[in-house]
Structures are given as C-alpha cells and as structure tokens.
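Student: Sequence first, predicted model second:
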Amino acid sequence: MDASPIVELRDLHVTFTGARRPVQAVNGVSLQVQRGQVLALIGESGSGKSVTLRTLLRLHPERRTRIEGTVRVAGHDVLAMSPAQLADYRGKLASMIFQEPLLALDPVYSVGAQIVEAIRRHEKVSVADARQRALELFERVRIPSAQRRLAAYPHEMSGGMRQRAMIALALACRPQLLLADEPTTALDATVQIQILLLLRELQRDLGLSVIFVTHDIGAAVEVADRIAVMYAGRIVEEGSARELIRAPRHPYTIALLAGRAHGSLVRGQRLETIGGAPPDLSALPAGCAFAERCSRAAAECRSVQPEPVELSPGHRARCLRLDIAAAAAAAMPS
C-alpha cells in the first residue's frame, strides 16, 4: 500500500488581487492528509478554510488569484496542471461536496442526468451502465424511491435530499479524495447528524480520504481523525481529534471549545464568546493575528509572528504563550 500522503500542502499562499488592496486569504499553510484519513478544517468564517479547499481543485478565478507554494494530490502537482489535465483530475481523482447543492447542481437537468454525464465524461461506459451506477449511488446514500428520484430536478428535492444527491454526484467517478465544504450548514439539526454519519460510513466503506470544512467543532469531532484549526489564513493548531479536544493549547482553539455547550453547563448560564472580530486580511498585523482578541496576549505577541511548536508527535500549535494557554485548557470543563 502506498504510504505517501494523498494531499501535501507546503507553504501555501493564496492572494486575491481584484480588490483595491490584495487580500491574503491563505498565509503559509502546510499540512498533509494520509490515505484513508479524515481531516477537519475548522475556524470562523473568513479564516481561509474554503479558500484552501478550493485551491486543491484550482477553482479560484485565474486572473484575480495568485497561488504560491506546493499543492500535490496523489503525487500530482495541481498548480502545474493544464486546463485539460484539470478537467480529467476534477471529479475523477478529487471531487467536492459543495455547501449549497441548489447552487452547485444545474437547475435545467435532472439530477440523474447530471450524474450520468459526469460518469461518461471520465469513463467509457454506455448511458445504460452509467444510469445503473447512478441508481446504485442513490440507493447507497439512502435516497428513498431512488429510481423515481433520478428523474427529479434539484428544486423538486428537499435540502437533505439534495445534499445526498450532491454526495452521490461527488462519488460518481470513484475519487480518491473527497472535499466537503460545510456540507451540513444549510440543514436542520436532525438532517445534519444523518449527513455526517452517512459521510463517515461512506468514507470507511470506500476507503476515501476526506477534507471536511466546518465552523462547528462538534461536527468535526463526529467525522474527523485529525483537526486543523485555522485563523486569518494560518493553521494555528493541528492534532488528532482526540488530543485537540482533550488538550487544546492555542488560545483560539480553547476559546472555540469554551463556546460550545457541554455537560457541566447550567441552565440559563451564558456560553462564552470570543470578543472582537478577525483581522482585515488585506492588512494583516506583524505579529499574531489573534493577539487583539486574546486575553493572554503579551506585548511581543503583537510584533512577533509565532512559529509552529511540536507539542507531541503530530500535535502542533503557533503561540508564544503556550505555557499559559496550557493552564487555561486544564481548567476547562470536559
């Protein structure tokens, strides 16, 4: 079995140049995803999660986007691909589940026709064989009355049903890497849980590698083997899901965990919140981007950019005050 990582990002920078000032959306991200592994990218809106994910498929406007660094998927240099190579790569090697399937699916074609077209674009199969696979996929993602639903248009499906159809489309050409961009955000709580459990089941059954983007740390724990926490375009902490929940070290991770409901929360007690707002990505500070919102920040935090510190095998964090953050994490309710 190939032991090399399926995804390798090294010093990735993504800058959008269309605005009055360049927007530094991703700032030096380095990470790996092993084959068969689920990585969750978590953080507030605007932290760079979705930008990182879309860079893996090169979905950003070419004219207004500057990408620097290394992006390799299954040994392929994504940034060096020609348009024809990209067309073969998208869907076959790596595919994406988008946040809002009603916008991602074509409204003028039935969902079944779109899946059939995707299969025939990448494989030399007949329409009948492609349609049979589409039916099997609908059944696999537990769409009721699968045969009839193949002829349905996106607007004729409920939100949860559309998301299941979107998952079926993403899996149509048997990709090795599945990218999920907040796939449960627009769904109600009950359907969210169903979709999360379905994704985890499909990942295990098919041996997929998955990168799952979410702002919900609870969702990340449900599906992920590893979690990477992003803030202002940088990964501020990364580790196994178990270790990150039990022993968070970066103040931002600690604040995210403190803001969730937990077993010791008393009825009527307020959840903790993170004061302030994320920095302007077109004018990032010289030091730690979280310093202005961090209660443990010192003067040096505002002038020195912290480097990643290896806390234990596979667990890293960027912070100049890790000793104080550790004490704060130890005092958190479980």
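Tutor: In hand now; what should we look at? On a predicted model such as this, the values are computed, not experimentally measured, just so you know. Numbering: from 1, shown residues only.
Student: low-scoring pLDDT stretches of the stretch 201-334 of the chain, where are they?
Tutor: Confidence mapping of the stretch 201-334 of the chain against pLDDT under 70 gives the ranges 260-271, 324-334.
Student: How about stretch 3-22, which residues are buried there?
Tutor: Pro5, Ile6, Val7, Glu8, Leu9, Leu12, His13, Val14, Thr15, Phe16 (16 or more other C-beta atoms under 10 Å). For glycine as for every other residue, the C-beta is placed from the backbone atoms N, C-alpha and C.
Student: swap that for stretch 198-218, sorry
Tutor: For stretch 198-218, using 16+ other C-beta under 10 Å, the buried residues are 198-200, 202-203, 208-217.
Student: That one: how far from the chain's middle?
Tutor: Chain-centre distance of stretch 198-218: 10 Å, with C-alpha atoms, centre = their mean, to the nearest Å.
Student: what about it, how long is it end to end?
Tutor: In stretch 198-218, first residue to last residue: 16 Å (C-alpha to C-alpha, to the nearest Å).
Student: residue contacts, Ala291?
Tutor: Pro285, Ala297, Cys301, Arg302 (C-beta atoms under 8 Å, 6 or more residues apart in numbering).
Student: For Leu105, list the residues it contacts.
Tutor: Val111, Gln114, Pro154, Arg162, Ala165, Met166, Leu169.
Student: Of the residues you listed, just say which sits nearest to Ile274.
Tutor: Using C-beta to C-beta, Met166 comes nearest to Ile274 of the contacts of Leu105, at 31.2 Å.
Student: Isn't the closest one up against Ile97?
Tutor: Yes. Met166 is within contact range of Ile97, at 5.4 Å (criterion: C-beta atoms under 8 Å).
Student: what do the two both touch?
Tutor: Pro183.
Student: what's the helix or strand for Ile254?
Tutor: Using DSSP states H and E, Ile254 falls within helix 251-258.
Student: Give me the helices and strands touching that helix, please.
Tutor: Under the contact definition 3 or more C-beta pairs under 8 Å, 6 or more residues apart in numbering; DSSP states H and E, helix 251-258 sits against strand 226-231, strand 234-240, helix 322-330.
Student: In PDB, list the C-alpha atoms belonging to the second one.
Tutor: The C-alpha coordinates for strand 234-240 follow below in PDB (Å, rounded to 0.1, in the frame of the first residue of the first chain):
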ATOM      1  CA  ARG A 234      -2.900  30.200   9.000                       C
ATOM      2  CA  ILE A 235      -3.200  26.900  10.800                       C
ATOM      3  CA  VAL A 236      -2.800  27.800  14.500                       C
ATOM      4  CA  GLU A 237      -3.100  24.300  15.900                       C
ATOM      5  CA  GLU A 238      -3.200  20.800  14.400                       C
ATOM      6  CA  GLY A 239      -3.500  17.400  16.000                       C
ATOM      7  CA  SER A 240      -5.600  14.200  16.400                       C
END
